[in-house]
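1. here is a sequence with its predicted model. Questions after.
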Amino acid sequence: MTISNATTGSPLRASEFLIAAEKKSAAVSDWGQYLLWTGVFAVFILGTYTLMWRAWKKRGRRQADLPAPAPLGPADSAGPPLLPELTGRYFGTTTAGDWLDRIVAHGLGTRSAADVTLTAEGLRVDRPAAAGFHVPAADLVGARFEKAAAGKVLPEGGLLVVTWKLGDTLLDSGFRSDHAAEHDAWVDAVNRLVAGDAPAPTAAPDGAAHHQEGTQK
């Protein structure tokens, strides 16, 4: 038995026709499985993110009694810095001593780039992706090196963790400078400030000094 090929007009044997039909059917079946598994994967991802969002909201409701941290005042209102500004990342805040118990209330759970300044008045945290906050010097408890904070793990000593008091709750906030070698000076400066032996303010950079002189002129 022969069947005419619609494209070339040449005879096509029944066996060849059946093989071609099977290949076409297999291709359709492959596409069907591909679309099926794509749909399953999409539903899985959506479900995972939905569960994470619900857990985040539930955690926020559970922390609703936590007072809001002090807002930032004008950049020059807290006095001269005790050491150069730390530019790097804010990794989040947890209950003190529990690096997995993230605090999400008042935006404290939002990871972001950060510029951190320490003055005699306390710790100033500027975050472009979330509201900044200020920790008064009286609420600072200490600073140390850690390898993990807010669910983030880095090499040993890779994180600067500052412990502070918000209302009646002790918190740990994790930071990492773009230049990790700066962490030593920060741990020393924060702990000295807490002990009442704050280091002398740092001198203004040459550029800042020239700018101030030009302004005065």
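-> Structure's in. What do you need?

2. every contact and neighbour count from this point should use C-alpha atoms.
-> Noted.

3. which residues in the protein form strands?
-> Along the chain, the stretches classed as strands by DSSP state E are 2-4, 11-13, 86-95, 112-119, 122-126, 133-136, 140-146, 148-149, 152-153, 159-166, 169-177.

4. so which of the ones you listed comes closest to residue 202?
-> Of all those, it is strand 112-119 that lies closest to residue 202, at 9.8 Å by Cα to Cα.

5. just list the residues touching residue 145, thanks.
-> For residue 145, the contacting residues are 157-161, 183, 187, taking Cα atoms under 8 Å, 6 or more residues apart in numbering as the criterion.

6. what is the nearest of the residues you listed to residue 79?
-> Each of the contacts of residue 145 was checked against residue 79 using Cα to Cα; the closest is residue 187, at 19.8 Å.

7. spatially nearest residue to the closest one (excluding sequence neighbours)?
-> When the adjacent residues along the chain are set aside, residue 187 lies closest to residue 143, with 5.1 Å between them (Cα to Cα, 6 or more residues apart in numbering).

8. ok, residue 140 next?
-> The shortest distance from residue 140 to any residue other than its chain neighbours is 4.4 Å, reached at residue 164 (Cα to Cα, 6+ apart).

9. distance of the one you found relative to residue 95?
-> 10 Å (Cα to Cα, to the nearest Å).

10. show me where this protein has helices.
-> If DSSP state H is used as the criterion, the helices of the chain fall at 14-62, 183-194, 206-216.

11. so what touches the second one?
-> It refers to helix 183-194. The contact list for helix 183-194, computed with Cα under 8 Å, 6+ apart, reads 82-83, 118, 120, 137-138, 140-145, 159-160, 176-177, 198-199.

12. if you set the cut-off to 7 Å instead, what comes out?
-> Contact with helix 183-194 is made by 140-144, 160, 198-199, as judged by Cα atoms under 7 Å, 6 or more residues apart in numbering.
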